[in-house]
Each structure stands twice: as C-alpha cells, then as structure tokens.
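A.B. asks: Pasting the sequence and the predicted model now:
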Amino acid sequence: MRAAADLLEGELEETARLMTTEMGKTLAAARAEAAKCVTGMRYYADNAEALLADEPGDARAVGARRAYARYQPLGPVLAVMPWNFPLWQVIRFAAPALMAGNVGLLKHASNVPQTALYLGELFTRAGFPQGCFQTLLIGSSQVERVLRDRRVVAATLTGSEPAGRSVASIAGSEVKKTVLELGGSDPYLVMPSADVEAAVSTAVTARVQNNGQSCIAAKRFIVHADVYDEFEGRFVGRMESLRVGDPMEETTDVGPLATEQGLDDLERLVADAAG
C-alpha cells in the first residue's frame with residue numbers, strides 16, 4: 001500500500017490531468033484529490049494492523065477462559081463508484097478493503113474509463129498479487145450479473161438513490177452485505193449570530209467546489225431576515241468574481257459540467273426556477 005501511494009505521488013500531475021480531461025474538474029482540484037488519496041493510502045498502511053487487531057471481550061460473560069472479536073477478510077467486494085471524485089471515491093474504498101485482505105472489483109462510472117484503468121493497474125504495479133484489485137469496464141446493466149455471482153460477497157455504492165435501491169435490492173435477495181452512500185440536500189443555514197463574511201466565503205466554496213458537482217455541496221441556502229441583505233449582496237458579489245473557463249488553466253475557479261446531460265438538466269432547472 002505504501003508502494004502504491006509512492007507511485008501515485010510520483011504520477012500526481014499526470015493523474016490530475018487525466019481526471020480533469022475526463023470529467024472537467026479544475027486541475028488544482030484534481031491535484032488536491034490525488035494528494036488526498038496518497039494521504040489516505042498511507043494512513044491505512046500505517047494503521048491497518050491496529051485497526052484490525054483482536055478486540056478483547058468479557059470471557060466470564062460467555063463462560064470462557066478467553067473471549068475476543070477477530071476481524072477476517074470477507075472476500076471479493078464489488079464497488080460501484082461515481083465520476084465526480086474519480087480517484088478519491090475509489091481509494092477510500094480500496095485502501096481499507098485491500099489492507100483488510102479483501103479483493104476489490106471496481107465498476108466505475110462510464111465517463112471516466114481511463115481513471116478506472118489507471119486504478120486497476122496501480123495496485124498491481126505496486127506489488128499486490130495479480131487480481132487483488134480489478135477494474136471491470138462494464139455497463140450498469142451488467143452490475144446485477146456480477147453482484148449475483150456467488151464469489152462476490154458484498155457491494156458498496158456511491159451514487160443516486162435509484163442506483164442504491166437497485167443494488168440494495170439485488171444484494172438483499174442474495175443476502176449480501178452492502179454499504180450505500182446516496183444523495184442528499186442538506187440546507188446551509190445562516191443565523192444573525194454568524195460571521196457573515198466567513199459564512200459567505202464558506203458558502204461560495206460549498207456551492208462551487210468540484211464545479212458544483214458534489215454530494216456535500218450547499219444546495220439550499222436558508223438565511224435569517226436580519227442578515228439576508230448583507231449575505232445576499234456579498235454572496236452574489238463573490239460568485240460574480242469567480243472565473244469560469246478552461247479547467248486546465250491555473251486561474252480557473254469553475255470548469256465545465258462533466259456531461260452534456262448534466263448541462264441540459266441544469267438548464268431546465270434554472271429555467272424552471274427563473275419562471
């Protein structure tokens with residue numbers, strides 16, 4: 001795992017450009033994502049032994065001389081991952097899963113195939129046994145067949161609620177474990193006690209990070225009447241100052257949306273709101 005982290009760190013610039021090319025996040029954001037992955041991989045390399053150590057239990061409670069809980073590998077785990085953080089979403093699954101002795105199978109989003117293939121090769125190049133982590137270039141319609149394979153013991157998905165329902169339904173019928181991270185729309189609340197300038201700064205970042213394509217992005221702003229005018233004025237001003245452009249340019253703050261479908265959907269939403 002440390003070797004994989006070293007490889008990624010040495011290839012950080014190329015990997016960042018690959019992500020930016022495939023889904024449009026700014027190059028600065030892509031570099032930060034790759035660096036975060038390196039940190040995460042080293043964390044699990046350094047701490048997996050302690051995290052997976054036997055946990056002592058109450059021997060007397062079970063009438064034994066010694067009692068403990070032991071963590072053991074599950075086996076092959078299918079990961080269905082999204083395109084918005086094409087490297088980090090996978091690494092945060094792969095690093096702990098591999099350190100726990102499991103096999104990772106990646107079904108990545110269809111619009112980031114090069115990043116998916118890079119990840120499929122990274123761990124093998126780092127010295128993991130052949131097949132420990134594999135990228136499957138398959139469509140969504142083929143996920144069920146993989147998940148129902150008797151060798152696949154569990155699944156994890158980050159994505160939409162419909163996708164989560166589908167995977168959970170299939171896994172449930174097969175009595176297989178799942179971990180799902182689905183959509184949300186938490187409000188961004190601004191009360192009179194807030195430092196308005198700080199609230200505006202955070203709000204802008206929270207709305208436009210990753211070109212606005214983030215599950216944790218601020219999507220609904222609820223501002224108290226006592227500070228509404230001040231917040232609105234500063235927020236609009238800061239948003240207008242952002243530079244929209246080529247994500248490969250160092251001075252770009254907001255790049256393009258990842259897909260044409262995403263653009264069409266957003267245009268419809270804006271037209272509906274404005275109407």
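C.D. replies: Done, it's in.

A.B. asks: For the residue positioned nearest the centre of the chain, give me its contacts.
C.D. replies: The centroid of the chain falls nearest to Q89 when counting by C-alpha atoms, centre = their mean (2.9 Å). Residues near Q89 by C-beta atoms under 8 Å, 6 or more residues apart in numbering: 81-82, 158. In this view, the C-beta of every residue, glycine as well, is placed from N, C-alpha and C.

A.B. asks: who wins for neighbours among these?
C.D. replies: Using other C-beta atoms under 10 Å as the neighbour test, those are led by M81, with 27 neighbours.

A.B. asks: all helices for the stretch 151-275 of the chain, in order.
C.D. replies: For the stretch 151-275 of the chain, the helices defined by DSSP state H, counting those that start in this stretch occupy 161-173, 196-208, 225-241, 260-274.

A.B. asks: Just put these in JSON lines and tack on mean neighbour count and distance to E22.
C.D. replies: Converted to JSON lines, the helices of the stretch 151-275 of the chain look like this (neighbours: other C-beta atoms under 10 Å; distance: least, C-beta to C-beta, whole Å):
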{"stretch": "helix 161-173", "mean neighbour count": "15", "distance to E22": "20"}
{"stretch": "helix 196-208", "mean neighbour count": "17", "distance to E22": "20"}
{"stretch": "helix 225-241", "mean neighbour count": "13", "distance to E22": "26"}
{"stretch": "helix 260-274", "mean neighbour count": "10", "distance to E22": "14"}
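
A.B. asks: In CSV, list the ones you listed along with mean pLDDT.
C.D. replies: Formatted as CSV, the helices of the stretch 151-275 of the chain follow (pLDDT from 0 to 100):
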stretch, mean pLDDT
helix 161-173, 95
helix 196-208, 96
helix 225-241, 97
helix 260-274, 93
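
A.B. asks: which stretch among these comes nearest L147?
C.D. replies: L147 lies closest to helix 161-173 among the helices of the stretch 151-275 of the chain, at 5.0 Å (C-beta to C-beta).

A.B. asks: on that earlier part again, out of the contacts of Q89, who's nearest A67?
C.D. replies: Scanning the contacts of Q89 for proximity to A67, where the rule is C-beta to C-beta, the winner is T158, at 35.9 Å.

A.B. asks: Report pLDDT for that closest one.
C.D. replies: Per-residue pLDDT puts T158 at 95.

A.B. asks: Good, wrapping up.
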